[in-house]
Every structure is written in C-alpha cells, then in structure tokens.
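Visitor: Below: sequence and its predicted model.
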Amino acid sequence: MATNINRSNVNQAGYIQGPLKWAIAFSAALGAILEVIDTSIVNVALTSMQASLGATVSEIGWVVSGYAIANVVMIPLSAWLGDYFGKKTYFIFSLIGFTVASVVCGLSINLPMLIISRIAQGLFGGGLLAKAQAILFETFPPAEQGLAQAVFGVGVISGPAIGPTLGGFLTDALGWRWIFFINIPFGILAVAMCWMFLPKDKDNSQAQNQAVDWLGIGLLVIAIGCMQTFLEEGEQEDWFSSGFITTLAIGSVVGLVLFIWQEMKTPHPAVDLRVLHHRSLAAGSVLSAVVGMGLYGALFAVPIFAQSILHFTATQTGLLLAPGALASAIVMVMLGKLSTKIDARILIAIGGVGTAMVMFDLSKLTSQTGADDLFWPLVWRGAFTVLMFLPLSLATLGPLPKKDVSAGSGFYNLTRQLGGSVGIAILTTLLDKREAFHRAILLAKLSPYSPETNQRLDLLTGAMQSQGMDATTAHQQALAILSQTVDIQSAVLSFADIFRVVGVAFLCSLPLLLFLGKGGAGAKAPVGH
C-alpha cells in the first residue's frame, strides 16, 4: 500500500523531510539508472544477436537506433504527460512498460520482434529519465538539491560505462538475452518502491480539461524522429549520397520548422518553447549538448579504440571503463554537498578545461598503449565530466521562474541526449574520413624508391622465408604486413584527431558560462519536470 505523506513528513516550505525523502530519491533514481544502462548495454552484444537472429550488420544496428530514436522523442513530451496523468502514475506506468518490454526483448524469436520491443523500451524509458529528476527536485529543499542531483547524476554519468561492463559479462557468461532479463528483478523492485514511497499525485483536472496538442505531438515525432534516425544511420548510408538519408534530413528540417510554428501559436503546447527567452536556459542547453557530446562521444571512441586497435574483448573493454564510472560516482557524491555553496560557473569552467586536457592527453595514444596507460585519463575524464554535469543543471534551471522550470528542464534534458547523438554522428564520420586521409599520406611515403621502405620489406620478407615460405609468398606476406601496419597507424592517428576535436569543443563552449546563472547557494530549486 502506498505511503501516506502526513504533516510530520513535510516541512513548512512543502518539502519532504526525514528518511522518507531518501526512500523517494532511491526509488526514482533506480528507474533512471535502468534506462541509462540499457542505452549502452546492448552495444557489446550486437555480434551475438546478429549470429543468433541471422541479421546483417545494418539490420542489427536498428536494435540500438530504434531505442535511441524512441527515447529522444519521448523526453520533451514527458513534462506534459506527467501533468496530464500525474507524475507518480506516469512514472510507475513507464517502469512497468519498460520492464515488460525488456521481457519481450529477451524472448524475441526474430529481428522485427526485437526491434519493435526495443522501440517500446525506449518510449517507456524516456519517461523514466525525465521524471526521475523532477521527482528529486520536488522532494528536496533548495539547500539539498545539489545532493539530490548527485543521486540522479550517479546513474546518468556512470550508466554509459556500467552498461558495456555488465553487458559484456552477461553476454559472455549467460547469452545476450540476459542483458534484458536482468531488468526484471530490478524493474519489479523499482515499481514496488515507487508505489510505496512516491507521494500521491496532485489534482490534474485542469491539465486534463485542456485541449491536447495532437498536431504539435505529431510534428515533434516527425522532426525528432527524422533527426535522430538521420544521425544514427547517416554514416552507414554515406550521408547525402543516400536518398533515404536525404529524405530524413528534409523531413527533419520541415518538421522542426512546422513544430516551432505550431508550439508558438497554440495556447497549450505539448512542448513550451517560449521558455527559451531565458538566457540561462538557452546557453545552458547548448552547454548541455556539448557535455552530451563529451560524455557519450568519448565513451563511444574509447571502446572502439580498445577493441579495434588493442584487441580487447567485450569484458576487458567494460572493465577498462569501470574505474572512470566509479570516479564519477565518488566525485558526484562529494560535489553534491558543495555544489550549492560554490558558484556553479566556476565548477563548470574547471570541469570543461579539465575534460579538454584529458582529451588532449588521450590524443597521444599509440598502438602500443595498454590498459595502464588509459587508467588515469579515463578516471580524470569521469571526475571532470561530473564538474560540468552536476552544477550545470543548477546554473541553467536555477534562474528560471517556477512556472517555466517544467518546460525548461524537458528541453534541457533533450539537448543532452541530442548532443550525444550529434557528437557520435560527427565523430564517426570524422573517424572514417581522417583514417582515409592519414592512410593516403602514409601510403604516399611508402615509395618503392624509398630506401627505408625497401629495407623494411627486405626484413619482413626474410622473416617470412625463415618460417619456410618461398620467396614470392614471403614477399606478398611482407606487403600484407606493411599494409596492415599502415592501417593501424592511420586508425591511431584518426582517433587522436577526434579526441582533439572533443577537447577543442569543450574549450570553445566556455564563453557560454557568461550567460548562465550562478546556481550555488540560494539558487531556486527546479520544481517539476
């Protein structure tokens, strides 16, 4: 039976006090953690899924893309859905739907069934991520909102690193279906905790009596759906050389223009864009996109480097990311107690510069780099990213008047997710283009008239002949080894390029701090989402 929140549980300002607030915090945060982990947990299991379901590489990619598209579409609508149905009702409904969709994913007998259930998982998961933060803001008073944000942030920051670690272990030990079945006990636990501890919904009859902005919702689905699909599939389809990608780009632009026009003219929009006149929200949302790019983009690049260059297994790659996730969690908890006492802009600046320095350090990686060389850069990346992530929400949403926080926080969360998608799309394309560029330069230096090249070929040929190969076969094998060396070096150089790009992006975003609020002590609590 749900807990009744009586007067002894609520202080004069209307905030919940005592042990109950922590029960609410962990209940909401558990739902958010489940959603964030499932964003990345499937990445290391795609090869196993492909073999099991008889899918091609492009087809199996929709297991990731379908989830991401549905998730991003749902985030900006979660504020309206929470107001319309009630925050507790909508959150528990999303938890139940997410858990059921996870079961169907694990039981999928073919690829279409898996993709459809992953889309359902993403739709329900979008509500979990957005509403968890709102519940925490409503529960804790302004003086403790930094700590409340830390509880939420531990999952959001650590989830992308925990996902591959957990996914690699479950796939290797039990099979890919268990990356979905693992959600069942935790989903049931989260539903039970939320039913028991979350406060009852307030009267929402006013929201239900307002006309539903169906046109705005439809245009949002078209605009964001096309944009996310464009970003997810663009590199694989060679961007605008594909009619499908070109159509998506046109649909995204047209849908976005019509969506903005509809939301600005309707009295009760599904997504209130008028809140962007607050400069702290506009600047903070741009910074949020950069943080998303750094958080997801860097985490996207490191596993690829580890598996393609260093030949790490899925489990080894996951363990490589684990210390950084732990560092994020530790710094998040420590910062939770300090973030309301320090100017948020100072913390964000330290985090941005520190993250940029880590990216420049990672750009020095070579083909001889080992796990020990990556340990501290990844730990520092985890720590510095928290210095941006945690205070940024206070500086962005703190200056907003109470009536605008709900719509503002929805837009703010959307930009972080889209920033991650844009970052991964840009970095994937850049990785491919720069690898071709570096390969061309390296091959140009391997002239048959070069003494160094001929000396290297002679050494390799002699080594092959010493293993019993004839002269012709040994020479061909030596050429193949030389070509492979060029491929590895060009890949390493291209990874260095994209790490530098992320570092420069962080530094270039720092002037936006001038438009943010101070956050920190006395900041207004963002209430509702």
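Guide: Yep, that arrived.
Visitor: what about the helices in the stretch 351-500 of the chain?
Guide: Assigned helices in the stretch 351-500 of the chain, in chain order: 371-397, 402-445, 451-465, 471-509 (criterion: DSSP state H, counting those that start in this stretch).
Visitor: If you drop the residues flanking it in sequence, what lies closest to L335?
Guide: Spatially, and ignoring its direct neighbours in sequence, L335 is nearest to L390 (5.4 Å; C-beta to C-beta, 6 or more residues apart in numbering). Quick note: C-beta positions are derived from backbone N, CA and C, even for glycine.
Visitor: same thing with I217?
Guide: Per C-beta to C-beta, 6+ apart, closest to I217 is A270, 4.9 Å.
Visitor: Just give me the neighbour total for the one you found.
Guide: 23 (other C-beta atoms under 10 Å).
Visitor: I figured it hits L81, correct?
Guide: No - the pair A270 / L81 is not scored as a contact, 9.1 Å apart, by C-beta atoms under 8 Å.
Visitor: lowest-confidence helix or strand of the protein?
Guide: Least confident helix or strand of the chain, by mean pLDDT, DSSP states H and E, is helix 205-209 with a mean of 62.
Visitor: what's the angle from whatever helix or strand comes next after it to helix 402-445?
Guide: Next along the chain after helix 205-209, taking DSSP states H and E as the criterion, comes helix 214-233. In terms of direction (axes from the mean of the first three to the mean of the last three C-alpha atoms, to 10 degrees), helix 214-233 departs from helix 402-445 by 20 degrees.
Visitor: how many neighbours does V154 have?
Guide: Neighbours of V154 (other C-beta under 10 Å): 23.
Visitor: Could you verify my assumption that it touches V333?
Guide: Yes - applying C-beta under 8 Å, one finds V154 in contact with V333, separated by 7.1 Å.
Visitor: And the host helix or strand of Q316, what does it pack against?
Guide: Assigned by DSSP H and E, Q316 belongs to helix 314-336. Judged by 3 or more C-beta pairs under 8 Å, 6 or more residues apart in numbering; DSSP states H and E, helix 314-336 is in contact with helix 145-173, helix 279-308, helix 371-397.
Visitor: pLDDT below threshold where in the stretch 301-450 of the chain?
Guide: Applying pLDDT under 70 to the stretch 301-450 of the chain flags residues 314, 337, 339-340, 398, 402-403, 405-406, 446-450.
Visitor: G86 versus the closest residue in space to I96 that isn't next to it in sequence, what's the distance?
Guide: Distance criterion C-beta to C-beta, 6+ apart; nearest residue to I96, sequence neighbours excluded, is V191 at 5.9 Å. Taking C-beta to C-beta, to the nearest Å as the measure, V191 falls 16 Å from G86.
Visitor: what do you get for P269?
Guide: With C-beta to C-beta as the criterion, P269 and G86 are 20 Å apart.
Visitor: Same question for L387.
Guide: According to C-beta to C-beta, L387 stands 35 Å off from G86.
Visitor: same deal with G54?
Guide: 44 Å.
Visitor: These two - which one has more neighbours?
Guide: Taking neighbours as other C-beta under 10 Å, G54 and G86 compare with G86 leading, 19 against 10.
Visitor: Was I right to think that one contacts L198?
Guide: No - the criterion here is C-beta under 8 Å, and G86 misses it with L198 at 10.1 Å.
Visitor: Contact partners for the closest residue to A120 other than its chain neighbours?
Guide: Leaving out its chain neighbours, the residue that sits closest to A120 by C-beta to C-beta, 6+ apart is A101, at 4.2 Å. Shown here is A101, whose contacts under the criterion C-beta atoms under 8 Å, 6 or more residues apart in numbering are S117, R118, A120, Q121, F124.
Visitor: how far away is A101 from I116?
Guide: Distance from A101 to I116, counting by C-beta to C-beta: 9 Å.
Visitor: T473 too?
Guide: Distance from T473 to I116, by C-beta to C-beta: 51 Å.
Visitor: State the distance from the residue nearest to I96 to L170.
Guide: If you measure V191 against L170 using C-beta to C-beta, the figure is 22 Å.
Visitor: repeat for R279
Guide: R279 is 45 Å from L170, by C-beta to C-beta.
Visitor: These two: which is more packed in?
Guide: Per other C-beta under 10 Å, whichever of R279 and L170 has more neighbours is L170, with 22 against 14.
Visitor: surely that one meets W178?
Guide: Yes - between L170 and W178 there is a contact at 4.5 Å, judged by C-beta under 8 Å.
Visitor: thinking again about what came up before, is it possible to export the helices of the stretch 351-500 of the chain to CSV including mean neighbour count?
Guide: What follows is the helices of the stretch 351-500 of the chain, written out as CSV (neighbours: other C-beta atoms under 10 Å):
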stretch, mean neighbour count
helix 371-397, 23
helix 402-445, 19
helix 451-465, 14
helix 471-509, 17
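Visitor: among these, which is nearest A132?
Guide: Nearest to A132 among the helices of the stretch 351-500 of the chain is helix 402-445 (10.3 Å), distances taken as C-beta to C-beta.
Visitor: Show me what that closest one is packed up against.
Guide: helix 62-74, helix 78-85, helix 111-139, helix 214-233, helix 279-308, helix 371-397, helix 471-509.
Visitor: what's the spacing between it and its chain's center?
Guide: Distance, stretch centre to chain centre, for helix 402-445: 11 Å (C-alpha atoms, centre = their mean, to the nearest Å).
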